[in-house]
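1. This is the structure alone, sequence omitted:
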Ligand code: CMP
């Protein structure tokens with residue numbers, strides 16, 4: 001099991017002014033920031049990032065939303081990072097997210113769900129590499 005995961009603070013949380021509180025929560029929960037940047041995805045780049053969901057009915061909506069405004073991308077480090085971070089953010093659908101989780105606190109719907117968290121060690125590496133060069137990381 002790896003000690004790194006990848007996250008994005010999504011356009012809804014950025015627009016609603018929750019980015020600072022969310023990053024503060026990452027740190028307070030013991031995640032070390034390895035890399036961090038704010039950027040805005042083009043529809044092409046958002047489509048590439050979420051290519052695994054290409055056949056899903058919500059893919060178009062997902063790409064449109066993820067390219068609708070700025071996002072913050074980060075690589076985070078903690079023991080058993082992928083699973084620990086997914087517990088911290090809560091279920092994909094905020095209506096099903098546990099009390100106190102980031103999605104319960106800040107997400108509005110299954111589509112606009114405040115944060116992304118990698119679902120496996122393999123995808124954490126792929127997703128981190130999508131956004132960050134070696135120079136952009138504190139190794
Ligand atoms: P994320 O963890 O970023 O990974 C894929 C995203 O697809 C997910 O969060 C949701 O934002 C989005 N998603 C999943 N299911 C649905 C759905 N039924 N309708 C709209 N968006 C969805």
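-> Happy to help now that I have it. Predicted, not measured: the structure shown is a model, and the values here were computed from it. Residues are numbered from 1 along each chain as shown.
2. Wait, residue 108 touches residue 93, no?
-> No - the criterion here is C-beta atoms under 8 Å, and residue 108 misses it with residue 93 at 10.9 Å. For glycine as for every other residue, the C-beta is placed from the backbone atoms N, C-alpha and C.
3. Now for residue 23, how many residues are close by?
-> Here the count is done by other C-beta atoms under 10 Å, and residue 23 has 17 residues near it.
4. and it, what does it touch?
-> 9, 33, 36, 72, 74 (C-beta atoms under 8 Å, 6 or more residues apart in numbering).
5. can I get the residues you listed in CSV with secondary structure and distance to residue 27?
-> Formatted as CSV, the contacts of residue 23 follow (DSSP: H, G, I helix; E, B strand; the rest coil; distance: C-beta to C-beta, whole Å):
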residue, secondary structure, distance to residue 27
9, strand, 13
33, strand, 7
36, strand, 11
72, strand, 13
74, strand, 11
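6. Give the ChimeraX command for selecting the buried subset of those.
-> Applying 16 or more other C-beta atoms under 10 Å to the contacts of residue 23, the buried members can be selected in ChimeraX as follows:
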select :9,36,72,74
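7. Taking the contacts of residue 23 together, which two end up most distant?
-> Greatest spatial distance in those: 9 and 33, 12.4 Å, computed using C-beta to C-beta.
8. Overlap of the contact sets of those two?
-> Residues within reach of residue 9 and of residue 33 at once, by C-beta under 8 Å, 6+ apart, are 23, 74.
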